[in-house]
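Asks: Got a sequence here, can you model it:
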Amino acid sequence: MTSVVGIYNTNTNKPFKRFRILDGNIPRLKSWAETKNIMTKNLRKNKNDSLIMLIKIAVLLIISLFITMAIAPYVFKALKALPGLFDNGFFSFLPDFIEPHAKKLADYLAKQKFRRIFDRVILVSVIAMLALGWKWVGIKINFKSLYRPKRAVARWLTWFIVGCICIGILVYAQKMAGIRIPRSKSLKLFAALISAVTVGFLEESFFRGFVLQTFLKQFKKFKAVFITSAIFACVHLFSLNHFLKAIKAAAPDGTDPFDGFRLVMFFFEPLKHPGLVFPGLIGLFLAGWLLAELTIKTKSLWAAMGLHTGWVFTIKVLGRIYKYPSSTQPSWFFGEKYAATGVLGWILVGFLILVVNGLVTYFIYRVIVFFIELLKHKNAVALGRKLGAIGYYLSPKHRKIAVGNIRAAFPEKSADECKSIAKQSFETLGMISMELLTFSKINHNFFDIVHPTGMENVEKERKSGKGIVFFTGHIGNWELLALGCALLDYPFNAVARPFGNKWIYKHIQKIRKEPGVNILDKKGITKDVLKLLSQNEMVGFVGDQYAGSRALFVDFFGQPASTTPAMATFARKTGAALIPAFDHISPDGTHHPVIYPAVKVPQTDDLKKDIFDTTQELMKILEKEIRKDPGQWLWSHRKWRKVRNL
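Replies: Presented below is the predicted three-dimensional model:
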């Protein structure tokens, strides 16, 4: 019999290769020396590829700069001549409803200074060169995922407001310090918004969409973010007020063909005064880092676009209300025109970076853990139950999902009964959340709190020399099953999905590992699980959640439900015992886990049928367990979804 197994790189979760297993025999893997040699060669190749790519990108950017310096004066002259062409009737072919607006646009462009035209031309040149040379550079970026519409509006709007608030705070501080002075100009909110949206879209598409994604494919996250932020800071450094003084004083007017080259030379004049340049460089670097963190965290550009747009919009609007005098020197503490270019801006942007990467949440989490651990276990669980009940009322979305699931699973129950079960489910979740915060205390008096039944079923399979695949669901405190086995010196390995906050996840991992539980990342575990089961160890799966449209759809409460076949597959391949086990938590915080005898896994010639039948049997056992006390299960998860590719 033949099946396919994927061997994964545990660092990147990308497959090294896929190969066939014949009659359950695992082919010989390469020795560590061979593997290390291959990895070293690949690492060298990747470094060389990265260097070549950076050189190619630099070449394109330099070409863009020279093209801009050469053509900018001619573009400037052409734009100056546009209003005259309208007056001479050159554009008379335009429809009547378009011509007036086109003439207004021509008048607007003709009034722009050479420097502003130069800025726009270089932006277009860079985008054009990258569009023409992306194959030569070797760029492979999935822009579709970066612009995916899921939660796009909410993310953009949320961070747009954050950006407006940030600049508002900093400009207000500058006003109070006397750096900004009032002036009266029409706000032109719509024009400012259109300009800000355009800048946000173009710059984020380039810096975080193109530059960052390119470096992420070649370097680790820290290095990629650092380089991208440095490039972002250096480019924007030349638009700070301090840099514009030299340009305004010289004022190249674009009438000379070499004005583009002169303008670039003027930009470097302020670099003679690094003390004045440094605050702006740091502030812009941190702003670039924040935008990069947002893009990586959300896996899209919308949040970064919203924040960038909010910054630009508020700078433009408040710039028409408060003037930043050109004679004012940059302030180390308050910054200058861009506001975030001083120590106060560093602090605000730095705080937002800590919020985005989860360190602020982690700090709050550790403070909560400190105070919760001061409580007795019984009191902590009681508090969790009350918080869960509050969560039932404060989370209408999940409450609706829970009640809907319960009604579908128990059509015979009344609406009030369904709501009562849903509330109990939220209370259970609150109780186990408090226990999760106090795991380090539970480790020391575990068997005073937990009273398992059925441990003889584990001992029986252990004595027979088999590995064990544990199956449980989100019922009671599923985490305690792994903890109990580890405390009894069983070699237990739990399959888990990492938390969104990596700092909290690391702390939870540390607590889990204290009694001896080994945690396997849910992605790319095939090789590890096969190895562990062949060594007669235990591997636990929480296998009751929705597993995607390509998983097995088995009957669960009378409805087809997507379910992972992993437990049945591993037990079927390795001959390991497949044991269902479920926890039940009492109102006083004590636990009564039940461990059932091993499920018989069929070994026929029909591999698919064996796995399907075993998975169906597991879900029947889980359903029976839930029916005993429905309030113990996590009903707020969308287990039943549309059946696709059945």
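
Asks: According to the record, where do the domains of the protein fall?
Replies: Listed by automatic domain parsing, the domain ranges of the chain are 2-30, 40-139, 142-243+271-357, 362-435, 443-632.

Asks: mean confidence score for the longest one?
Replies: Read it as domain 443-632. Throughout domain 443-632, pLDDT has a mean value of 87.

Asks: contacting residues around residue 143?
Replies: Residue 143 makes contact with residue 209, according to Cβ atoms under 8 Å, 6 or more residues apart in numbering. C-beta here means a position set from N, CA and C on the backbone, and glycine is covered the same way.

Asks: measure it to residue 411 for me?
Replies: Residue 143 is 46 Å from residue 411, where distance means Cβ to Cβ, to the nearest Å.

Asks: picking that back up, turn the domains of the chain into JSON lines, including distance to residue 256.
Replies: Listed next are the domains of the chain as JSON lines, based on distance: least, Cβ to Cβ, whole Å:
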{"stretch": "domain 2-30", "distance to residue 256": "53"}
{"stretch": "domain 40-139", "distance to residue 256": "7"}
{"stretch": "domain 142-243+271-357", "distance to residue 256": "21"}
{"stretch": "domain 362-435", "distance to residue 256": "57"}
{"stretch": "domain 443-632", "distance to residue 256": "55"}
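
Asks: Nearest to residue 264, out of those?
Replies: Nearest to residue 264 among these is domain 40-139 (6.0 Å), distances taken as Cβ to Cβ.

Asks: tell me the average confidence for that closest one?
Replies: The average pLDDT for domain 40-139 rounds to 81.

Asks: Give me the distance from that domain to the chain's centre.
Replies: 32 Å (Cα atoms, centre = their mean, to the nearest Å).

Asks: next one: stretch 626-642
Replies: Computed by Cα atoms, centre = their mean, the chain-centroid distance of stretch 626-642 equals 27 Å.

Asks: do the same with stretch 610-624
Replies: For stretch 610-624, the distance to the chain centre is 34 Å (Cα atoms, centre = their mean).

Asks: Show me what counts as buried in it.
Replies: Going by neighbour count (16 or more other Cβ atoms under 10 Å), the buried part of stretch 610-624 is 610-619, 621-623.

Asks: ditto for stretch 79-97
Replies: Residues 79, 80, 82, 83, 86 are the ones in stretch 79-97 that count as buried (16+ other Cβ under 10 Å).

Asks: First-to-last residue distance for it?
Replies: One end of stretch 79-97 sits 22 Å from the other (Cα to Cα, to the nearest Å).

Asks: From what I see, residue 181 and residue 323 are in contact.
Replies: Yes: between residue 181 and residue 323 there is a contact at 5.3 Å, judged by Cβ atoms under 8 Å.

Asks: List the neighbours of stretch 311-318 that are in contact with it.
Replies: 160, 163-164, 166-168, 171, 187, 189, 192-193, 195-196, 199-200, 287, 337-340.

Asks: Show the average pLDDT along that stretch.
Replies: On average, the pLDDT along stretch 311-318 is 90.

Asks: Need the CA coordinates for that stretch. PDB is fine.
Replies: Once non-C-alpha atoms are left out, stretch 311-318 reads as follows in PDB (Å, rounded to 0.1, in the frame of the first residue of the first chain):
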ATOM      1  CA  TRP A 311      -0.100  60.800   9.200                       C
ATOM      2  CA  VAL A 312       0.000  62.600   5.800                       C
ATOM      3  CA  PHE A 313      -3.600  63.900   6.100                       C
ATOM      4  CA  THR A 314      -3.200  65.400   9.500                       C
ATOM      5  CA  ILE A 315       0.200  66.900   8.700                       C
ATOM      6  CA  LYS A 316      -1.400  68.600   5.600                       C
ATOM      7  CA  VAL A 317      -4.500  69.800   7.500                       C
ATOM      8  CA  LEU A 318      -2.700  71.000  10.600                       C
END
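
Asks: And that stretch, what's buried?
Replies: If you call a residue buried by 16+ other Cβ under 10 Å, then stretch 311-318 has these buried ones: 311, 312, 313, 314, 315, 316, 317, 318.

Asks: looking at it, residue 597 is touching residue 457, isn't it?
Replies: Yes: Residue 597 is within contact range of residue 457, at 4.9 Å (criterion: Cβ under 8 Å).

Asks: what's the overlap in contacts for these two?
Replies: The contact sets of residue 597 and residue 457 overlap at residue 579 (Cβ under 8 Å, 6+ apart).

Asks: quick one: which of the two has more around it?
Replies: residue 457 (19 against 13; other Cβ atoms under 10 Å).

Asks: So which bits of the helix or strand containing that one are buried?
Replies: Taking DSSP states H and E as the definition, one finds residue 457 inside helix 455-463. For helix 455-463, the neighbour count (16+ other Cβ under 10 Å) marks 457, 458, 461, 462 as buried.

Asks: Ok, stretch 182-195 next?
Replies: Within stretch 182-195, the residues that count as buried by 16+ other Cβ under 10 Å are 192, 193.

Asks: Alpha carbons only: can I get it in PDB?
Replies: Below are the C-alpha coordinates for stretch 182-195, written out as PDB (Å, rounded to 0.1, in the frame of the first residue of the first chain):
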ATOM      1  CA  PRO A 182      -1.200  79.900  14.100                       C
ATOM      2  CA  ARG A 183      -2.100  81.000  10.600                       C
ATOM      3  CA  SER A 184      -5.300  81.200   8.600                       C
ATOM      4  CA  LYS A 185      -5.600  79.200   5.500                       C
ATOM      5  CA  SER A 186      -8.600  77.300   4.000                       C
ATOM      6  CA  LEU A 187      -8.400  73.700   5.100                       C
ATOM      7  CA  LYS A 188      -9.200  72.000   1.700                       C
ATOM      8  CA  LEU A 189     -10.000  68.700   3.600                       C
ATOM      9  CA  PHE A 190     -11.000  66.800   0.400                       C
ATOM     10  CA  ALA A 191      -7.800  67.700  -1.500                       C
ATOM     11  CA  ALA A 192      -5.700  66.800   1.600                       C
ATOM     12  CA  LEU A 193      -7.500  63.500   1.900                       C
ATOM     13  CA  ILE A 194      -7.000  62.600  -1.800                       C
ATOM     14  CA  SER A 195      -3.400  63.600  -1.700                       C
END
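
Asks: which outside residues touch it?
Replies: With Cβ under 8 Å, 6+ apart as the test, stretch 182-195 has contacts from 312, 313, 316, 317, 320, 321, 322, 323.
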